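Peer 1: Everything below, folded, please.
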Amino acid sequence: MKAFYFDQMYLIFILFFLLFLWQIHRNASFISESLSDYIIKLFVGLVSCVIPIGFLLSELNLINQAFAWGMGVNVLAFLFNIFFRQISDNKAFSISIAIKELRIKFIDFWKSQLIISKVSFGILIVGLGITTIINLIILFATVPNEWDSMTGHLVKCAYYLQNGNMNRLQGTTWTIDFYPNSLPTLQIFGYHVFGEKGFKVIHYICYWLFALSAYGIAFKISKNFTAALFVGIISALLPTALVQATTTESDIVLSAYLGCLTYFLFSFKENPTKLNICLIALISGIWIGHKVTFLLIAPAILVVVVHTVLFKKEFYKNIKLFVVTFIIAICIYTLPTGYIGNVREVGKFSLGSLSAPPMVMQWHGVEHYSGKDKIKNMSLNIGRYSSEFLNFDGLRSSQIGKKFNDVFRNLPNKVFEKLQIEDQRFTVVSYFSFEHPIRFYLERPYWGIIGFGIVFPIFVFLLVKLLLNFKKITSIEKSLMVLSLAAILHFLSLCYSAPYDPIKARYFLNMAVWCMPLLLVAGTSLVGQKSIFTLILFTIYALLISISAICTVLFVRIHPIFPVKNIFNMSRMEQLTVARPHIYEAYKKFDEIVPKNAIVALGTQQEHEDFEYPLWGEYFTRKLIPIHPFRSAVKPIPAEAQYLFYSKGVIPYQEGDILLNSPDNHADTPVEESQFFLRRINTSNRNVAPSLKGDFKKW
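Peer 2: Numbering: from 1, shown residues only. Next up, the predicted model:
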């Protein structure tokens, strides 16, 4: 009877979800002008409804109730419909007509190309098709399992589902309490719709939004369908975007928001309406609330704002509307996300305290550096990150590709070695070296040949044109030069803001928002190109880009496809522990011994070492209580706990504790291997602490 009730409730929620999709479709249709415009606005409608409802349900202790989500997002979508009708006229947009028009555009484009141009575009389209299929397989065949999610990002979501709210937890790792709560609302909503794999859905959607916004920005600038299509396809084949599409890292979502914001800025430049002003304000609030690294992008976005908005008199006519909408967006999407709580916990305001405790900023920030060290760190990072870009990322994931890349790197290594950047000064996680351990470039690729082979030459071309033919610069070139300046400022911000960190490759996806539209220069040159040499060169580039993209998704270490043990025959626990294979034995034994609905106290290691996410069980029915908060003493075991799961060195061993694994002493992970123990709690004989409130009720 209970199962039948749950099935009914889930069915009602799905009906609410379908109604929500119809409502945001109606809203987007009312304000859209083209198919790409519609999809971007549909995405903004989705996130703008889900995020504040998550904050509200947290206050009501209902974040674990799918039914409440279903009602909440529909109410907000309806309110958005009223708002859009007040500030905009109906665009009379039709999806069926838009698809027909796109089909006609594509056919006309294809017919206009020479045979060799068709070969180049064909290779890129086939490459995109293959990578899409592989990533879809990975999306549906695997559970989330990257390291940061197992220790922090998804641990947050699991605790929130368990407790019914997003209150501060004093978690084992600092990210649990200090990372903003905007993204978890989207992940939890995805979980309610699709189950555990739904945590990844928002990231996969954002991958396509990143590529689509690149197309949209390029088309707004050039009005050239062929060139914009080239930009969109290349963006979708960017190695760093492909890898992040099937993980639960936060940066690809930030890139999608930034892409939408930039798209709306150029939309305003083209058509300075009240609607576009409000959309800029809305997505700005969402973007700022997502992650404090928006501060690193602020100088770059300011340059684009000056170019697209501040020279428009219509902006000043409607400045009150913008200010009011922006303040409301900040109040709804930014203030509740956790920044205020972070500053309160730290005890003083600083830019670093918005996202991390002072101890973490000592590792990852530069606020404590002297002025001389800040300059030295920045200069080293300029050389280090520049060197990282000069690799055939994706391609070097394969054995043959790595040999090819090693040969290619001979000259760059000789040049960069003279700069003396390969040492341990100003580094985090791992020191800089010209040959990083494989785990970094498999899971944190840069841009490959797209970066150094296309984007950088276009930078040089635009710079030369600026210096030699300043008076003859076209409006398209002016916009691309503004984006180039934004990219340079963004790069310098990343180099300045933190010590070198090999995992920061994913941060450069945000910089790609400025750089991908620059490919208009290459795409435009394809139109009507007669030079056989140039067309053959484009074909070679297309082949390398496609092969690199395919290798990128085939050889991701956390999603093994070719080994004997692969994503098709791994158990859920094997997938969850693939980044730390040694701990599989302990977690498997834990799952076999501990009942699915048990209450477990956790005495695990701090600072992103021990995985916690796998301990909830497949359906998140166990209740976990952390007793070793970040950089704090171990708390007493709560009265309600039935089991204690702990790591060696955190809690003393007692007679009768079960040893779950033995370390293998192999240096195959970046941290020392943990040794785990399990204790059955005798409730009549132990120190107790107040229990946490709230149980996770799985619908």
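Peer 1: Tell me which stretches of the stretch 451-600 of the chain form strands.
Peer 2: Remark: strands assigned in the stretch 451-600 of the chain by DSSP state E, counting those that start in this stretch are 599-603.
Peer 1: got any ranges where it has weak pLDDT?
Peer 2: For the stretch 451-600 of the chain, applying pLDDT under 70 flags the ranges 527-530.
Peer 1: Could I get the full set of helices for it?
Peer 2: For the stretch 451-600 of the chain, the helices defined by DSSP state H, counting those that start in this stretch occupy 456-468, 475-497, 508-515, 520-526, 532-554, 572-576, 584-593.
Peer 1: who's in contact with Ile545?
Peer 2: By Cβ atoms under 8 Å, 6 or more residues apart in numbering, the residues touching Ile545 are 124, 127, 234, 237, 448-450. C-betas here are computed from N, CA, C, even on glycine.
Peer 1: To clarify, my last question referred to Phe676.
Peer 2: Contact analysis of Phe676 by Cβ under 8 Å, 6+ apart lists 583, 586-587, 590, 645-648, 659-661.
Peer 1: I'd like to know how many residues surround the nearest residue to Ala356 once chain neighbours are set aside.
Peer 2: Of all residues not flanking Ala356 in the chain, Phe178 sits nearest, at 5.3 Å (Cβ to Cβ, 6 or more residues apart in numbering). By other Cβ atoms under 10 Å, 24 other residues sit near Phe178.
Peer 1: what do you get for the one 5 residues further on?
Peer 2: Residues contacting Leu183 under the criterion other Cβ under 10 Å number 26.
Peer 1: Could you shift the numbering so residue one becomes 52, and keep it that way?
Peer 2: Happy to do that; since the first residue is 52 now, the last one works out to Leu234.
Peer 1: where's it, which helix or strand?
Peer 2: Under the criterion DSSP states H and E, the helix or strand holding Leu234 is helix 233-245.
Peer 1: could you say what helices and strands that helix packs with?
Peer 2: helix 53-82, helix 86-110, helix 117-138, helix 205-214, helix 252-273, helix 325-341 (3 or more Cβ pairs under 8 Å, 6 or more residues apart in numbering; DSSP states H and E).
Peer 1: Reformat these as TSV; add mean neighbour count and distance to Thr590.
Peer 2: Formatted as TSV, the helices and strands packed on helix 233-245 follow (neighbours: other Cβ atoms under 10 Å; distance: least, Cβ to Cβ, whole Å):
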stretch	mean neighbour count	distance to Thr590
helix 53-82	16	38
helix 86-110	22	27
helix 117-138	18	45
helix 205-214	24	42
helix 252-273	25	21
helix 325-341	24	38
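Peer 1: hmm, which helix or strand of this structure has the shakiest average pLDDT?
Peer 2: helix 489-494 (a mean of 73; mean pLDDT, DSSP states H and E).
Peer 1: Give me the next element, helix or strand, following it.
Peer 2: Counting by DSSP H and E, the next helix or strand C-terminal to helix 489-494 is helix 500.
Peer 1: Can you tell me what sits against that next one?
Peer 2: The contact list for helix 500 (Cβ under 8 Å, 6+ apart) reads 443, 446, 592, 595-596, 599.
Peer 1: for stretch 420-431, same thing?
Peer 2: 417, 472, 476-477, 483, 543, 546-547, 550-551.
Peer 1: I would like a PyMOL command selecting only the buried ones among those, please.
Peer 2: Selecting the buried subset of the contacts of stretch 420-431 in PyMOL, with 16 or more other Cβ atoms under 10 Å as the burial test, is done by:
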select buried, resi 417+472+477+483+543+546+547+550+551
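Peer 1: Tell me which two in the contacts of stretch 420-431 are the farthest apart.
Peer 2: Greatest spacing in the contacts of stretch 420-431, by Cβ to Cβ: Arg476 and Leu543 (19.0 Å).
Peer 1: hang on, the earlier thing: direction-wise, compare the helix holding Leu234 with helix 252-273 and give the angle.
Peer 2: Helix 233-245 and helix 252-273 meet at an angle of 120 degrees, taking axes from the mean of the first three to the mean of the last three Cα atoms, to 10 degrees as the criterion.
Peer 1: Now do helix 233-245 and helix 117-138, the angle between them.
Peer 2: 120 degrees.
Peer 1: Which of the residues in helix 233-245 are classified as buried?
Peer 2: Buried, per 16+ other Cβ under 10 Å, within helix 233-245: 233-244.
Peer 1: same check, this time on stretch 433-440
Peer 2: Burial within stretch 433-440, assessed by neighbour count using 16+ other Cβ under 10 Å, is assigned to 433-440.
Peer 1: pLDDT averaged over it, what's the number?
Peer 2: Here stretch 433-440 scores 92 as its mean pLDDT.
Peer 1: which residues are in contact with it?
Peer 2: The contact list for stretch 433-440 (Cβ under 8 Å, 6+ apart) reads 463, 467, 470, 472, 483, 485, 497-498, 502-503, 507, 542-543, 545-546, 551, 553, 555-556, 559.
Peer 1: same thing with stretch 143-158?
Peer 2: Stretch 143-158 is contacted from outside by 80-81, 83-86, 89, 276, 280, using Cβ under 8 Å, 6+ apart.
Peer 1: ok, now how distant is the residue lying closest to Phe319 once chain neighbours are set aside from Thr344?
Peer 2: Computed as Cβ to Cβ, 6+ apart, the closest residue to Phe319 that is not its neighbour in sequence is Asn327, at 4.1 Å. Asn327 sits 25 Å away from Thr344, going by Cβ to Cβ, to the nearest Å.
Peer 1: What of Phe129?
Peer 2: Here the criterion is Cβ to Cβ. By it, Phe129 lies 33 Å from Thr344.
Peer 1: Any idea which of the helices and strands packed on helix 233-245 gets closest to Val354?
Peer 2: Closest approach to Val354 among these is made by helix 252-273 (14.4 Å; Cβ to Cβ).
Peer 1: quick one on the thing from earlier: would you format the contacts of stretch 420-431 as JSON lines with distance to Val397 included?
Peer 2: JSON lines is the format used below for those (distance: Cβ to Cβ, whole Å):
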{"residue": "Val417", "distance to Val397": "17"}
{"residue": "Ile472", "distance to Val397": "33"}
{"residue": "Arg476", "distance to Val397": "27"}
{"residue": "Phe477", "distance to Val397": "23"}
{"residue": "Phe483", "distance to Val397": "30"}
{"residue": "Leu543", "distance to Val397": "27"}
{"residue": "Cys546", "distance to Val397": "26"}
{"residue": "Tyr547", "distance to Val397": "22"}
{"residue": "Pro550", "distance to Val397": "20"}
{"residue": "Tyr551", "distance to Val397": "25"}
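Peer 1: ok so, going back, buried subset of the contacts of stretch 433-440?
Peer 2: For the contacts of stretch 433-440, a burial check counting by 16+ other Cβ under 10 Å picks out 463, 467, 472, 483, 485, 497-498, 502-503, 507, 542-543, 545-546, 551, 553, 555-556, 559.
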